[in-house]
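Colleague: Make a model of this:
(chains A and B)
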Amino acid sequence: MWELIENNKRRSFWLFVCLFVVLTTLGGLIGASFLPPDGAWWGIGLAVLLTLILGVVAYWAGDDIVMSVGQATMITKGTNPQLYNIVEEMQIAAGFGRMPEVYIVADDAMNAFATGIRPEKSAIAVTSGLVENLSRDELQGVVAHEMSHIVNRDVLFMTFSGVLLGSITMLSEGFLRGIFYTGGSRRSKLGSSSRSHPALILITIIFALLAPLLAKIFYFAISRKREYLADATAVRLTRYPEGLAGALEKIAGGANGIMNYNRFTAPLFIIDPQEMAIAGDGQDGKKLFSIGSTHPPVNERIQILRKLSGASYRDYQSAFMSFKKEGDLIPDRMLRDKTAVPLRKGVPGPIQPGGTVEPTKKQKTRDIGDLLMAAGGFIFLPCACGLKVKIPPTLGRNSIPCPRCGRILFLPAVTPGVAHADGDAGKKLGTDGEESTLVYERRSDSWESFACDCGYPIQLSPLFSANAIQCRNCKKKIEIRYPNTTR
Amino acid sequence: MWSILIFLGILVAIAVILFLAIIGIYNGLVGLRNRVKNAWSQIDVQLKRRHDLIPNLVETAKGYMQHERETFIRVTEARAKAMGAGSGSVKDVAQAESGLSDALAKFLLTVENYPELKANENFLRLQEELTSTENRIAYARQAYNDDVLLYNNKIEMFPSNIIAGMFQFLKSEFFQIENAKERETPQVKF
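Modeller: Numbers count the residues shown, from 1 in each chain, chains lettered A, B, ... in the order given. As a prediction, the model looks like this:
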């Protein structure tokens, strides 16, 4: 895996060089045809400046792309343990030094993506549709694919080649518009002495038409290769290709709705969101494939994954070759390692698929819904009858009857119901030490709700008489005090 | 006169190149060794996590599975043994931990007979934690073994083997778990 990163660096270097040559040639030609004597240098300078500006913007804005995708909610271990665990497992498998942030995007479409130009700012986002519809193993496959994008530094790579592609496109579009809308008027103003040769202008026009096309073909070809590589790396991480294959199958089959995306972020999704938009019309995934696709056809990816007999890069390469008849997917250096890497039959631990209880889809949908509502400021009050009442932040009252049993439920106070023990109280109870720094004073002996320090609502029944309770979210111990007696 | 100077210059250049190569290889080996160490500490973290999880699991299950004392004792004992092996060699740890894995697998098989326990929310949460911990251990082991393979190969291969011999880089042990599950026939109790 480490060699792959090295190799990526070298490869991306050459891609950059090629794109840069195209860019500067274009800039030079444009400059030369507008300002004949030494305009070429001005043109090159302009092209480089444009790229630098776009690059800086992409570098600073790139990390916040998760936010721009829409309703992305950052999750923690407490809010969605399974997804968080899965990401952490993949982080361990990849030997990646830092836990990426995990986001859930409220969208019924099934998709996932990774961001983070700098490794320390990396994040993985999945849609709520994905979490609802995939099993744990399948979700693991998707997360592994995204993790591979992060460890292979694909985010950096695709963002900056996207920047180069963008400036080439902008330059040529600008030039062509200039030519066609102003016609020859600009040149006639400059006088005959500085008029450039018509042949040069013709060459520039042709190049300006071809350059973006060339750059795009190049860019998309590399982007597709990256997807295969991320698949191969994902299998190396999980050693269980069926997880990813199953996930891809479900994702391709159930495309519904379109995610917010833009051209720069498209290569980072697990499946091209632009294709998903069309796939919703019930077309075959293979037909959608074109030279301008950032992702390889899904069917092919699935078939390659199902063909694998081992998890090494060699295995992926040979499975890939049986489809493509071309063999330069994975760099030779990686293939020298002939150690066989066996596949797993199921999840790695002793718990076999039948043993783990998968929550039903309905349960998952409800959990995700709850999570997103909680992020929206909703309060959850568990009622004694078992119903979880969801209260919008705009209710404006401090109690509400339970819709099922009619019990009056008290909302947690606006100010957190839990106080940190002050110095005196702390000394009085000093024996417990740091453990009991949170205190809640009971106000009555009926039903009571309050919010923990972490914001998690806790409800006490009239029968509750213990003198401490543990918050189910942050696991902190909260001391309960009673108004009259100190039990 | 000049030819001697050129000759000396070439000698010095060769010496410098050789020296730089040795530094490069040495640093590469140190980097790999540290990666192996780091990967090992990752495994350690995950094993501790599992040890911490077990009392919780047993406590939750006890109320539902009153007739399975043996299973609990087996798990608890395996845990104690695994914790004792914590500071031993890679092989000892691997052996003790695979014992614990087996005990846990048997425990989870027994759980199948207790639908009420399987429906318990707290137990479900613990089960997800256990699944994840087992996965983490497996993945940490996988990453560790990959690193060890890379490191050991470097130590054995020319020319880095010379440097490795000179500075006494020792080969690391793989973390191998023998699969006891497959050798044993499952016991059926009535």
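Colleague: okay, now residue A:85: neighbour count?
Modeller: 20 (other C-beta atoms under 10 Å in any protein chain shown). C-beta coordinates here come from the backbone N, C-alpha and C atoms, glycine included.
Colleague: Skip ahead from the host helix or strand of it and say which helix or strand is next.
Modeller: Take DSSP states H and E as the rule and residue A:85 turns out to sit in helix A:81-94. Downstream of helix A:81-94, the first helix or strand assigned by DSSP H and E is strand A:101-105.
Colleague: Give me the most central residue, chain B.
Modeller: residue B:141 (3.8 Å; C-alpha atoms, centre = their mean).
Colleague: Find me the pLDDT at that residue, would you?
Modeller: pLDDT for residue B:141: 86.
Colleague: The helix or strand it falls within and chain A, any residue contact?
Modeller: Element membership for residue B:141 (DSSP H and E) is helix B:121-156. Yes. Contact of helix B:121-156 with chain A (C-beta under 8 Å from any C-beta of the partner chain) involves B:124-125, B:127-140, B:142-143, B:146-147, B:149-150.
Colleague: Which secondary structure state is assigned to residue A:406?
Modeller: coil (DSSP: H, G, I helix; E, B strand; the rest coil).
Colleague: That one: neighbouring residues, count only.
Modeller: So residue A:406, with other C-beta under 10 Å, has 9 neighbours.
Colleague: Filter the residues of helix B:121-156 next to chain A down to the buried ones.
Modeller: B:127-140, B:142-143, B:146-147, B:150 (16 or more other C-beta atoms under 10 Å in any protein chain shown).
Colleague: avg pLDDT for the helix ranked longest in chain B?
Modeller: Once chain B is assigned using DSSP state H, the helix that runs over the most residues is helix B:2-62. Across helix B:2-62, the average pLDDT comes to 89.
Colleague: the inter-axis angle of it versus helix A:81-94?
Modeller: Using axes from the mean of the first three to the mean of the last three C-alpha atoms, to 10 degrees, the direction of helix B:2-62 lies 150 degrees away from that of helix A:81-94.
Colleague: And the next helix or strand past helix B:2-62?
Modeller: Next element after helix B:2-62 (DSSP H and E): helix B:69-84.
Colleague: got a list of contacts for that next one?
Modeller: B:47, B:51, B:54, B:58, B:61-62, B:65, B:93, B:96-97, B:99-100, B:102-104, B:106-107, B:110 (C-beta atoms under 8 Å, 6 or more residues apart in numbering or on different chains).
Colleague: what is the mean pLDDT for stretch A:158-166?
Modeller: Mean predicted confidence for stretch A:158-166 is 82.
Colleague: meant to ask about stretch A:206-223, not that
Modeller: On average, stretch A:206-223 scores 83.
Colleague: just stretch A:107-124 next, same as before
Modeller: 81.
Colleague: Likewise for stretch B:99-119?
Modeller: So the average pLDDT for stretch B:99-119 ends up being 81.
Colleague: Is chain A within reach of that stretch?
Modeller: Yes. Counting by C-beta under 8 Å from any C-beta, chain A has neighbours in stretch B:99-119: B:101, B:102, B:104, B:105, B:108, B:109, B:112, B:118.
Colleague: what's the burial count for residue 13?
Modeller: In the absence of a named chain, this looks at chain A. Residue A:13: 10 surrounding residues under other C-beta under 10 Å.
Colleague: hm, I was asking about chain B
Modeller: 10.
Colleague: returning to that earlier point: okay if I get the residues of stretch B:99-119 next to chain A as JSON lines plus secondary structure and neighbour count?
Modeller: As requested, the residues of stretch B:99-119 next to chain A are exported to JSON lines (DSSP: H, G, I helix; E, B strand; the rest coil; neighbours: other C-beta atoms under 10 Å in any protein chain shown):
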{"residue": "B:101", "secondary structure": "helix", "neighbour count": "22"}
{"residue": "B:102", "secondary structure": "helix", "neighbour count": "19"}
{"residue": "B:104", "secondary structure": "helix", "neighbour count": "25"}
{"residue": "B:105", "secondary structure": "helix", "neighbour count": "18"}
{"residue": "B:108", "secondary structure": "helix", "neighbour count": "22"}
{"residue": "B:109", "secondary structure": "helix", "neighbour count": "15"}
{"residue": "B:112", "secondary structure": "coil", "neighbour count": "11"}
{"residue": "B:118", "secondary structure": "helix", "neighbour count": "15"}
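Colleague: between these, which is closest to chain A?
Modeller: Using C-beta to the nearest C-beta, residue B:105 is the member of those that lies nearest chain A, at 3.5 Å.
Colleague: Next one: that closest one from residue A:235, what distance?
Modeller: 25 Å (C-beta to C-beta, to the nearest Å).
Colleague: what does residue A:77 give?
Modeller: 26 Å.
Colleague: Stretch B:16-26: which residues count as buried?
Modeller: For stretch B:16-26, burial by neighbour count (16+ other C-beta under 10 Å) applies to B:25, B:26.
Colleague: And chain A, is that stretch touching that?
Modeller: No. Stretch B:16-26 is not in contact with chain A by C-beta under 8 Å from any C-beta; minimum separation 14.2 Å.
Colleague: Can you give the contact residues for the helix or strand harbouring residue A:53?
Modeller: Residue A:53 is part of helix A:39-62 when elements are defined by DSSP H and E. Identification of contacts with helix A:39-62 by C-beta under 8 Å, 6+ apart yields A:23-24, A:26-35, A:115, A:117, A:155, A:159-160, A:162-164, A:166-167, A:170-171, A:264.
Colleague: Sitting in strands, which of the residues you listed do you find?
Modeller: residue A:115 (DSSP state E).
Colleague: among the contacts of helix A:39-62, which are in helices?
Modeller: A:23-24, A:26-34, A:155, A:159-160, A:162-164, A:166-167, A:170-171.
Colleague: Any of the residues you listed buried? List them.
Modeller: Buried among the ones in helices among the contacts of helix A:39-62 (16+ other C-beta under 10 Å): A:23-24, A:26-34, A:155, A:159-160, A:162-164, A:166-167, A:171.
Colleague: before we move on, back to that, of residue A:77 and residue A:235, who's got more company?
Modeller: For residue A:77 versus residue A:235, neighbours defined as other C-beta under 10 Å are more numerous around residue A:235 (31 against 13).
Colleague: Return the distance of residue B:80 relative to chain A.
Modeller: 19 Å (C-beta to the nearest C-beta, to the nearest Å).
Colleague: how many neighbours does that residue have?
Modeller: Residue B:80 has 14 neighbouring residues, counting by other C-beta under 10 Å.
Colleague: likewise the one 5 residues further on?
Modeller: Other residues within reach of residue B:85, judged by other C-beta under 10 Å, total 19.
Colleague: ok, now residue B:96?
Modeller: 21.
Colleague: residues touching it, list them.
Modeller: Taking C-beta under 8 Å, 6+ apart, we find residue B:96 in contact with B:78, B:81, B:82, B:84, B:85, B:88.
Colleague: can you check residue B:51 too?
Modeller: B:79, B:82, B:83.
Colleague: Buried ones among the residues you listed?
Modeller: The buried subset of those - by 16+ other C-beta under 10 Å - is B:79, B:82.
Colleague: picking that back up, for the helix or strand that the helix holding residue B:141 is followed by, give me every contacting residue.
Modeller: Moving toward the C-terminus from helix B:121-156, the next helix or strand (DSSP H and E) is helix B:160-166. Contact with helix B:160-166 is made by B:22, B:25, B:26, B:28, B:29, B:154, B:155, B:169, as judged by C-beta under 8 Å, 6+ apart.
Colleague: Please work out the average pLDDT along helix B:160-166.
Modeller: 85.
Colleague: Going by neighbour count, list what's buried in that helix.
Modeller: B:160, B:163, B:164.
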